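Undergrad: The amino acid sequence is not available; the structure is as follows:
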């Protein structure tokens, strides 16, 4: 599946692209069946919520399950990534992020390169995040929020937002972005389009979300009685690979075999 010229223009303008119903309900339900088996395992790859025994993150899913391994090689995922980068890319990370019903866990405002660069020594912000909704995602069960245009600094070049280390808000520490930066970026987005200062990525299960390594995003608590589960693949050019190997493989994969 190749992106259209209009898709690429939206991605370059906003820093993200939502692709409704890219996968069928049947395909997603098959993944959910496998996911439950992985969530029931007791292992470092399963990261719990801060104040409960609910699994928040299921890491390295493509290494732990054959169906997820097949899924990451699906042309509907690989071809758009390859179309954008047009060079060999490797699987930097796979995971499934979950938010149990009526839980307070959040993802702080951040951009992925802040973590990739500091934690893993990735030189440039060239990685791409490809998410697939494993549940219906609406306004109340913790959708990903994104700020249009926050991926770029000025008219060209990738943004390099200042970050701070947040190891207290959730069970998974991240290099987050402070309120002043967010306010400035939202204001900038509003000057371009007052109706899209912040966008909540919603859609039915099977919807995909693609965004750049410097796009600012977060997600609020799941205040609904419905679960919220999203698959995530991060792909990075081989030439831009990690230079720091301190983190375990399940947080940043060391295999540079092209996807």
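TA: Good, I have the coordinates. All values derive from a computational prediction rather than experimental measurement.
Undergrad: what secondary structure does residue 11 sit in?
TA: helix (DSSP: H, G, I helix; E, B strand; the rest coil).
Undergrad: With adjacent residues omitted, what lies nearest to it?
TA: With C-beta to C-beta, 6 or more residues apart in numbering as the criterion, residue 11 has its nearest non-adjacent residue at 4.3 Å, and that residue is residue 17. (Glycine included, C-beta is placed from N, CA and C.)
Undergrad: low pLDDT regions in the stretch 151-259 of the chain?
TA: 154-156 (pLDDT under 70).
Undergrad: hmm, back to that, tally of neighbours for the residue nearest to residue 11?
TA: When neighbours are defined as other C-beta atoms under 10 Å, residue 17 has 22 of them.
Undergrad: next one: the one 10 residues further on
TA: Burial of residue 27, expressed as a neighbour count using other C-beta under 10 Å, amounts to 17.
Undergrad: Flag every buried residue along whichever strand or helix holds it.
TA: According to DSSP states H and E, residue 27 maps onto helix 25-39. For helix 25-39, the neighbour count (16 or more other C-beta atoms under 10 Å) marks 27, 28, 31, 32, 34, 35, 38 as buried.
Undergrad: Show the residue spans covered by the strands in the stretch 151-259 of the chain.
TA: 164-166, 174-176, 199-201, 208-212, 217-219, 228-237 (DSSP state E, counting those that start in this stretch).
Undergrad: Run me through the strand neighbours of the longest one, direction for each.
TA: Looking back up the chat, that one is strand 228-237. Under the criterion DSSP bridges, strand 228-237 sits next to strand 89-99 (antiparallel), strand 128-133 (antiparallel) in its sheet.
Undergrad: And for the first one?
TA: The partner list of strand 164-166 in its sheet, established with DSSP bridges, is strand 174-176 (antiparallel).
Undergrad: for the fifth one, same thing?
TA: When pairing is defined by DSSP bridges, strand 217-219 lines up against strand 107-110 (antiparallel), strand 144-146 (antiparallel).
Undergrad: got JSON lines for the ones you listed, with distance to residue 226 too?
TA: Shown next, in JSON lines, are these (distance: least, C-beta to C-beta, whole Å):
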{"stretch": "strand 107-110", "distance to residue 226": "18"}
{"stretch": "strand 144-146", "distance to residue 226": "16"}
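Undergrad: hey, least reliable of these by pLDDT?
TA: Lowest mean pLDDT within these: strand 107-110, a mean of 93.
Undergrad: next one: that one to chain centre, how far?
TA: How far strand 107-110 lies from its chain's middle: 11 Å, per C-alpha atoms, centre = their mean, to the nearest Å.
Undergrad: One more: stretch 208-218?
TA: 6 Å.
Undergrad: Next, the distance between the ends of that stretch.
TA: 16 Å (C-alpha to C-alpha, to the nearest Å).
Undergrad: Stretch 167-175 too?
TA: End-to-end span of stretch 167-175 (C-alpha to C-alpha): 9 Å.
Undergrad: How about stretch 140-148?
TA: 21 Å.
Undergrad: Give the buried residues for that stretch.
TA: For stretch 140-148, by 16+ other C-beta under 10 Å, it's 140, 141, 142, 143, 144, 145, 146, 147, 148.
Undergrad: was I right about residue 204 contacting residue 135?
TA: No: Residue 204 is beyond contact range of residue 135, at 9.1 Å (criterion: C-beta atoms under 8 Å).
Undergrad: Looking at those two, which one has more neighbours?
TA: Set residue 204 next to residue 135 and count neighbours by other C-beta under 10 Å: residue 135 wins out with 17 against 14.
Undergrad: What score does the more buried one have for pLDDT?
TA: Looking at residue 135, the pLDDT reads 98.
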